[in-house]
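> need a 3D model of the following:
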Amino acid sequence: MLEHVKTEKVLFLDIETVPQYPSYSDMPENFRKFWDLKAPKIRNEEEKKADIKPAELYSKAGIYAEFGKIICISIGFIYNNKLRIKSFADDDEAKLLSDFGLMLEKSFNKPEILLCAHNGKEFDFPYISRRMLINGIKLPTILDLAGKKPWESPFLDTMELWKFGDFKNYTSLALLSAIFNIPTPKDDIDGSQVGKVYWVDKDLARITIYCQKDVIAIAQLLLRYQGKPMIEEQNIIYT
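Residues are numbered from 1 along each chain as shown. Modelled structure (predicted):
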C-alpha cells in the first residue's frame, strides 16, 4: 500500500486548538449570539435530552475555526531513517501561524511534498487555512487549493486511507495505534482536556508534548500502512 509515497517527501503534522476565550462569559456579546445559534446544532443525543445550554457547551468551541484558535502545531519529517520533530507553540496565534507559514514556504514549497495528518482533510488542514485568513496571513502555496483539481491536492490523511472508501465510521489515531502496535505513552492528556490545561492550568508545554506524540504516531502509522519498519525511539529527534 502507498508504494508510490516517499516518506522523505512527507511532512507530518498535528494541531491543538482551544476556545478563543477562557469561558462563555468572556466572549464578546456579538460572538455569544453566534455561539448561541451554533451550540444547539452540535449537541449530541444525551445533551439534547438534558437540554444542555450554549454556555455549557462552550468547551467544544475549540473544534470550530470560527470560535477557536490554534495554540500548537507540531511537525515531523523523516530523513536518513530519523524522525525529526519540531513544534510551533505560542499564546499569540498570529505569530505561531506566521512562523509556521514561513517555514512551509522556505523548506516545503516543492510540488513533490505532501502534508499528512490524521483526519487532516476534515480538521487540521482547513482549520489552519481558516485561521491564517482570519489572522491576515497569506496562505502558503501548499495550503492554497484554489483552482487545483482533487487529484492535485498535496494532502494525505491517515484516517481517510484507513476507510478504503467507507464513509460510515471515524477511527481514532489511538485505536489505530493500538491495532498496529505503535507504542504510545499512557500519560498523555486526553484531547478533551486541552482547553482546561491551557486556560486553567496554563501549561502550554504539556500540550506541546501531547501534540508531538500524536505526530510521532501519525508517522509510525503511515510507515505501518506501507509495510515498513517503524522508527526506533532513539532515532526520534526533537529540534
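> can you tell me the element the closest residue in space to residue 127 that isn't next to it in sequence falls in?
Leaving aside its chain neighbours, residue 127 sits nearest to residue 65 (4.9 Å; criterion: Cβ to Cβ, 6 or more residues apart in numbering). Where C-beta positions appear, they are placed from N, C-alpha and C, glycine not excepted. In the assignment (DSSP states H and E), residue 65 maps to no helix and no strand.
> check contacts around residue 65.
126-127, 130-131, 134 (Cβ atoms under 8 Å, 6 or more residues apart in numbering).
> what is the nearest of those to residue 47?
Taking Cβ to Cβ as the measure, residue 47 lies nearest residue 127 of those, at 22.9 Å.
> now do that closest one against residue 15, distance only.
The gap separating residue 127 from residue 15 is 6 Å, by Cβ to Cβ, to the nearest Å.
> C-terminal to the worst-scoring helix or strand of the chain on mean pLDDT, what's the next element?
Taking mean pLDDT, DSSP states H and E as the measure, the chain has helix 45-49 as its least confident helix or strand, at a mean of 76. Using DSSP H and E, the helix or strand that follows helix 45-49 towards the C-terminus is strand 68-79.
> for that following strand, what is the distance to the chain centroid?
Remark: strand 68-79 is offset 7 Å from the chain centroid, using Cα atoms, centre = their mean, to the nearest Å.
> now the strands for the protein?
10-19, 68-79, 82-89, 114-117, 155-157, 236-238 (DSSP state E).
> so which of those strands gets nearest residue 193?
Residue 193 lies closest to strand 10-19 among the strands of the chain, at 10.6 Å (Cβ to Cβ).
> sheet partners, orientation included, of that closest one?
Under the criterion DSSP bridges, strand 10-19 sits next to strand 68-79 (antiparallel), strand 114-117 (parallel) in its sheet.
> residue 143 - how many residues pack around it?
Close neighbours of residue 143, defined as other Cβ atoms under 10 Å, add up to 17.
> ok, for it, nearest residue in space, not its chain neighbours?
Using Cβ to Cβ, 6+ apart, the nearest residue to residue 143 is residue 129, at 5.1 Å.
> low-confidence stretches in this structure?
In the predicted model of the chain, residues 185-187 satisfy pLDDT under 70.
> give me the domain ranges for it.
For the chain, automatic domain parsing gives the domain ranges 7-15+73-238, 21-66.
> highest average neighbour count across those?
When you average the neighbours per residue for each of the domains of the chain (mean count of other Cβ atoms under 10 Å), domain 7-15+73-238 leads with a mean of 17.
> figure out how far it is from the centre of its chain.
5 Å.
> among the contacts of residue 65, which are located in helices?
The helices, defined by DSSP state H, take in 126-127, 130-131, 134 from the contacts of residue 65.
> other SSEs contacting the longest helix along the chain?
The single longest helix within the chain, with elements called by DSSP H, is helix 204-225. For helix 204-225, the packing partners by 3 or more Cβ pairs under 8 Å, 6 or more residues apart in numbering; DSSP states H and E come out as strand 10-19, strand 68-79, strand 82-89, strand 114-117, helix 158-163, helix 173-179, helix 194-199.
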